[in-house]
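Chemist: would you be able to build a 3D model of this:
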Amino acid sequence: MDKVPPQAAFLDLSDYARPAALWLVRALLATPIMPMHLTLAFTGVGLAAAVLFAMDRWLPLAGVLLLLKSLLDAADGSLARARRKPSRVGRFLDSVCDFGVTVAVFGGIASGQHARTGESYWLLAALAVLCATLQGSLFNYYYVRYRAQTGGDQTSQVDETASGGYAGDNPTALKILHTLYRFIYSWQDALMARLDGWLAPQSAQLKPAFLTATTVLGLGFQLFVTAGCAALGQPVWALWAFVTVFNGYALALFFLRRRAP
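Modeler: Below is the predicted model:
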């Protein structure tokens, strides 16, 4: 069910929901529930959280929903791997839905803050979406490279320009989702590859400790931060954090990568 071999495992701070996700996968393994159902479920849960943020009500509950979203997000791919049925349709659907939830949640926070204070937070929300997505792409780029380096799961590729699927992937769905993925993420993937090519030689091996450092920028950790801010009644703090603190952290990671042997 894991994306990397046991000997290449590293501490993934964004994957805190993994134990619960593996329990859920074991419970669902013999059922007709498909990984795509879990993807659609986490999308619905994330959108429900966005609605609560827009209402500026029950913010702790909105935070709990984001943590539930993280659990379901961890379970869909694990269920596919447990059944040995990888899917490129599922891979692209997952990423597109992740982006949609991020936009909805940050937009909901901006709407709720406007209702609370009368001030506009839309520019901040847009910047937070851009920054958080780029930060997540940084983590994903190195994670995908590390999986290739260690012989792990190959459902995701560093270069997703090719749209080839697995047996069982619906060609029409694959084409649509691949097009959406490339529209949202392809420029980010290319940017990360170009930056890494400048920062370190292609021969530089990725170390588990570096991967652990990148997981602070993973989507799961972003949801955890947003949930924490929601529990404190200040979800807008998360938007500020992605625009400021986490950008600084990403620059520090680039510095470390530059010094890689």
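
Chemist: which secondary structure element of this protein has the lowest mean pLDDT?
Modeler: Least confident element among the helices and strands of the chain, by mean pLDDT, DSSP states H and E: helix 187-199 (a mean of 91).

Chemist: and the helix or strand that it is followed by, how far from the chain's centre?
Modeler: Going down the chain from helix 187-199, the next helix or strand is helix 208-214, by DSSP states H and E. The chain centre lies 16 Å from the centre of helix 208-214; the measure is CA atoms, centre = their mean, to the nearest Å.

Chemist: go through the very next helix or strand once past helix 208-214 and flag the buried ones.
Modeler: Per DSSP H and E, helix 208-214 leads on to helix 219-231 as the next helix or strand towards the C-terminus. By neighbour count, and taking 16 or more other CB atoms under 10 Å as the criterion, the buried residues in helix 219-231 are 219-230. Bear in mind the C-beta positions are built from the backbone N, C-alpha and C, glycine included.

Chemist: in the stretch 101-250 of the chain, where is pLDDT below threshold?
Modeler: Of all residues in the stretch 101-250 of the chain, those with pLDDT under 70 make up the ranges 202-203.

Chemist: ok, back up a step: format the buried residues of helix 219-231 as CSV; extra columns: distance to Glu119.
Modeler: Supplementary listing: the buried residues of helix 219-231 in CSV, determined by distance: CB to CB, whole Å:
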residue, distance to Glu119
Leu219, 28
Gly220, 30
Phe221, 28
Gln222, 24
Leu223, 25
Phe224, 26
Val225, 22
Thr226, 20
Ala227, 23
Gly228, 23
Cys229, 17
Ala230, 19
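
Chemist: and of these, the nearest to Thr212?
Modeler: Phe221 (11.4 Å; CB to CB).

Chemist: all helices of the stretch 51-200 of the chain, in order?
Modeler: Shown for the stretch 51-200 of the chain, the helices assigned by DSSP state H, counting those that start in this stretch span residues 59-82, 88-117, 122-150, 171-181, 187-199.

Chemist: got the angle between the shortest one and helix 88-117?
Modeler: What that stands for is helix 171-181. Comparing the axes of helix 171-181 and helix 88-117 via axes from the mean of the first three to the mean of the last three CA atoms, to 10 degrees yields an angle of 40 degrees.

Chemist: CA-only coordinates of helix 171-181, as PDB, when you get a sec.
Modeler: What follows is helix 171-181, C-alpha atoms only, in PDB (Å, rounded to 0.1, in the frame of the first residue of the first chain):
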ATOM      1  CA  PRO A 171      -9.900   6.700 -22.600                       C
ATOM      2  CA  THR A 172     -12.400   9.600 -22.700                       C
ATOM      3  CA  ALA A 173     -12.200  10.300 -18.900                       C
ATOM      4  CA  LEU A 174      -8.400  10.000 -19.100                       C
ATOM      5  CA  LYS A 175      -8.200  12.500 -22.000                       C
ATOM      6  CA  ILE A 176     -10.400  15.000 -20.200                       C
ATOM      7  CA  LEU A 177      -8.600  14.700 -16.800                       C
ATOM      8  CA  HIS A 178      -5.200  14.800 -18.400                       C
ATOM      9  CA  THR A 179      -6.100  18.000 -20.200                       C
ATOM     10  CA  LEU A 180      -7.300  19.500 -16.900                       C
ATOM     11  CA  TYR A 181      -4.200  18.300 -15.100                       C
END
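
Chemist: cool, thanks, signing off.
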